[in-house]
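Engineer: Fold the following.
(chains A and B)
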There are 2 protein chains.
Amino acid sequence: MEKVNLQGVRLFAPASIANISCGFDVLGLCLENIGDYMEIRRSEKAGIHITSIKGQDLPLEAKKNVAGVAGLALLEAHNPQLGFEISIEKNIKPGSGIGSSAASAAGTVAGINYLLGSPYTNKQLIPFAMEGERLACGTAHADNVAPTLMGGFTLVRDTNPLDVCALPTPLELTATVIHPKIEVKTADARAVLKKRVTLQTAIQQWANVGALVSSLYEEDYELLSRSLVDEIVEPIRSILIPHFSKLKKACSDAGALGSGISGSGPSVFALSKGMTTANKVANAMHEVYAKTDIPYDIYVSPVKSTGVSFLEDLS
Amino acid sequence: MEKVNLQGVRLFAPASIANISCGFDVLGLCLENIGDYMEIRRSEKAGIHITSIKGQDLPLEAKKNVAGVAGLALLEAHNPQLGFEISIEKNIKPGSGIGSSAASAAGTVAGINYLLGSPYTNKQLIPFAMEGERLACGTAHADNVAPTLMGGFTLVRDTNPLDVCALPTPLELTATVIHPKIEVKTADARAVLKKRVTLQTAIQQWANVGALVSSLYEEDYELLSRSLVDEIVEPIRSILIPHFSKLKKACSDAGALGSGISGSGPSVFALSKGMTTANKVANAMHEVYAKTDIPYDIYVSPVKSTGVSFLEDLS
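Structural biologist: Residues are numbered from 1 along each chain as shown, chains lettered A, B, ... in the order given. Okay, the predicted model is just below:
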């Protein structure tokens, strides 16, 4: 049922980690403690109207903004006569590699869907949010919008037609993320990839993907740790991230189950069993980067079991 | 505890399917209705002594026989003073692609382990059985011995060190296997493979492996069906199997969830939901091959949830 008396909603649009080690282009997860706040309100004027963006200098024009484009894609499918105003408090830095554009796109479509009385499931909202990703990085990928909308771990089996699986999350799994404030352009991160890989390495990679999925169902942290390996993309892309191998060793020494590049970087994530270890990993990351002149942020976060959270109905 | 009063055991060593579609070199399953019968007895004479092999012309000399080599590997690790006699009723044809050598190797080590009072787990027996595979095909792979010893679906994450996961099996999952009686040498099947694959295809493959593993946990037959795809090996190896594409279409038309090459061929397997559909698939395979002059066998079998079965204690 459409919430006709409800004028708006305040929501939390979480950050996410895509390209989880062996699950390059396929596996992602949703973060609990990092994300944007958004307010979506009904408007008399048809279309999407971005009224304010705090924290970042991003275009307000709907067609040039990922939130706008995602919202317009939803309206086009549902009812182009409807109108919504969006204001965004942007905490996730664009280009950080933890799903900044996905949060804006997913938050918008989830918020509008909420006000419409949820005619779409979270999974059905993914294609609309993917249109925002198309604007942001040229391809309508679901790597970040899938976990941002569905929560937990997600596996994108295919994008055409879209086929996304929700995977279980072991309860104590906790992420630590360092965002070195340097620019790694997605285009560059794509350009360095090799178009071909050896069959032998590919087999290792899909063995690890299968084992990683099994480890999530079994809550087998040791198997998860052994599977969190990327023999294909990480060795190449990590050259774009300063001190990557030092970071990786520091995470491992501090007890992390594994670590890798978040999205197309420059953020680096580690997964640990429990908050205590995740905090130790944060300290270890800190020690590596404090010695450099590169500014950075570090986040520690459980995996968020649900996607976008609705915080407050607005009258 | 060692069964000191027990002189021998009669057992069933099941056939298996390796290289399950996208899970090339990684995913295997154990079959219920096809396998060898073996009798393993204590002997006063140290070593492995193969006393008879019915149904096939295979070497009796232990060091030239996969059962012998696997048994000797176990004795060497455990106690080289011990001796066992082995007789085999061979129902699985060597070279059929459904784990003939694995059955002999796994049956031997499982039988000896049983008589010794099970000092090893089924998983711990895998490396001994792999020595039999090394004799049979030149590499000590675990693709078939893992499901033959552990039952159900298995995923071999790594062989060095060995890391095998037991995966759940949806209850109604049923296999249909056609064995065209032609020779496909494993060496040829390996030679045709390309050493490199495109990254794009590899990503598709590991997305399917991840989804397939998830489908087994979720008992999601539709997802299993969508994931049973091999874009890398099947298109190449299938040229070695007469009428492969006709078989594949017939299986699909008859309602199979998916189909592929069993091991390195020439057997072709299909997986279906339920015995009724699996029997329809058998008929469909029959119709394709009855028109040819190639002799063939067809088997229909549930997935066997346990590996080697012990049928009778022998005094």
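
Engineer: Poorly predicted segments of the stretch 201-315 of chain A, please.
Structural biologist: Nowhere does the stretch 201-315 of chain A drop to pLDDT under 70.

Engineer: show me where the stretch 151-300 of chain A has strands.
Structural biologist: A:153-159, A:162-167, A:173-180, A:196-198, A:258-261, A:268-273, A:296-302 (DSSP state E, counting those that start in this stretch).

Engineer: Would you mind putting those strands into TSV with mean neighbour count and distance to residue A:210 alongside?
Structural biologist: (C-beta placed from N, C-alpha, C; glycine too.) Formatted as TSV, the strands of the stretch 151-300 of chain A follow (neighbours: other CB atoms under 10 Å in any protein chain shown; distance: least, CB to CB, whole Å):
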stretch	mean neighbour count	distance to residue A:210
strand A:153-159	24	11
strand A:162-167	20	12
strand A:173-180	26	18
strand A:196-198	17	17
strand A:258-261	26	16
strand A:268-273	26	18
strand A:296-302	19	25
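
Engineer: For chain A, what lies in contact range of chain B?
Structural biologist: Contact residues (CB under 8 Å from any CB of the partner chain) of chain A with chain B: A:22-27, A:155-158, A:163, A:165, A:167, A:193-200, A:202-214, A:217-218, A:223, A:226-227, A:232.

Engineer: would you list the strands of the stretch 151-300 of chain A in TSV and tack on distance to residue B:150?
Structural biologist: Putting these into TSV (distance: least, CB to CB, whole Å) gives the following:
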stretch	distance to residue B:150
strand A:153-159	25
strand A:162-167	23
strand A:173-180	27
strand A:196-198	29
strand A:258-261	26
strand A:268-273	26
strand A:296-302	34
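
Engineer: Out of the ones you listed, which is closest to residue B:116?
Structural biologist: strand A:268-273 (36.9 Å; CB to CB).

Engineer: and the closest one, what does it pack onto?
Structural biologist: Contact here means 3 or more CB pairs under 8 Å, 6 or more residues apart in numbering or on different chains; DSSP states H and E; on that basis strand A:268-273 packs against strand A:173-180, helix A:244-253, strand A:258-261, helix A:275-290.

Engineer: go again using 6 Å as the cut-off
Structural biologist: In terms of contacts (3 or more CB pairs under 6 Å, 6 or more residues apart in numbering or on different chains; DSSP states H and E), strand A:268-273 is packed against strand A:173-180, helix A:275-290.

Engineer: Tell me which strands that strand pairs with, and in which orientation.
Structural biologist: Within its sheet, and counting by DSSP bridges, strand A:268-273 is paired with strand A:173-180 (antiparallel), strand A:258-261 (antiparallel).

Engineer: so can I have TSV of the ones you listed showing distance to residue A:270?
Structural biologist: Formatted as TSV, the strands paired with strand A:268-273 follow (distance: least, CB to CB, whole Å):
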stretch	distance to residue A:270
strand A:173-180	5
strand A:258-261	4
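
Engineer: Check residue A:1 and give its pLDDT.
Structural biologist: On pLDDT, residue A:1 comes in at 65.

Engineer: Same check on residue A:190?
Structural biologist: Confidence score, pLDDT, at residue A:190: 84.

Engineer: ok, which stretches of the stretch 1-150 of chain A are helices?
Structural biologist: A:66-78, A:100-115, A:122-137, A:145-150 (DSSP state H, counting those that start in this stretch).

Engineer: Buried deepest among the ones you listed, which one?
Structural biologist: Among these, the stretch with the highest mean neighbour count (mean count of other CB atoms under 10 Å in any protein chain shown) is helix A:145-150, at a mean of 33.

Engineer: Contacts only, for residue A:27.
Structural biologist: Counting by CB atoms under 6 Å, 6 or more residues apart in numbering or on different chains, residue A:27 makes contact with A:20, A:155.

Engineer: Okay, and the beta partners of it?
Structural biologist: Under the criterion used (DSSP bridges), residue A:27 bridges to residue A:155.

Engineer: same question, residue A:298
Structural biologist: Counting by DSSP bridges, the residues bridging with residue A:298 are residue A:178.

Engineer: re earlier: out of the strands of the stretch 151-300 of chain A, nearest to residue B:45?
Structural biologist: Per CB to CB, nearest to residue B:45 of the strands of the stretch 151-300 of chain A: strand A:196-198, 47.3 Å.

Engineer: Can you tell me the strand partners of that closest one and which way each runs?
Structural biologist: So strand A:196-198, judged by DSSP bridges, has these partners: strand B:196-198 (antiparallel).

Engineer: got a list of contacts for the partner strand?
Structural biologist: Residues outside strand B:196-198 that contact it (CB under 6 Å, 6+ apart): A:196, A:198-199, A:202, B:232.

Engineer: With distance to residue A:314 added, can I get the residues you listed in TSV?
Structural biologist: As requested, those are exported to TSV (distance: CB to CB, whole Å):
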residue	distance to residue A:314
A:196	52
A:198	55
A:199	55
A:202	50
B:232	52
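
Engineer: any idea which of the residues you listed is the one closest to residue A:147?
Structural biologist: Nearest member of the contacts of strand B:196-198 to residue A:147, counting by CB to CB, is residue A:202, at 24.2 Å.
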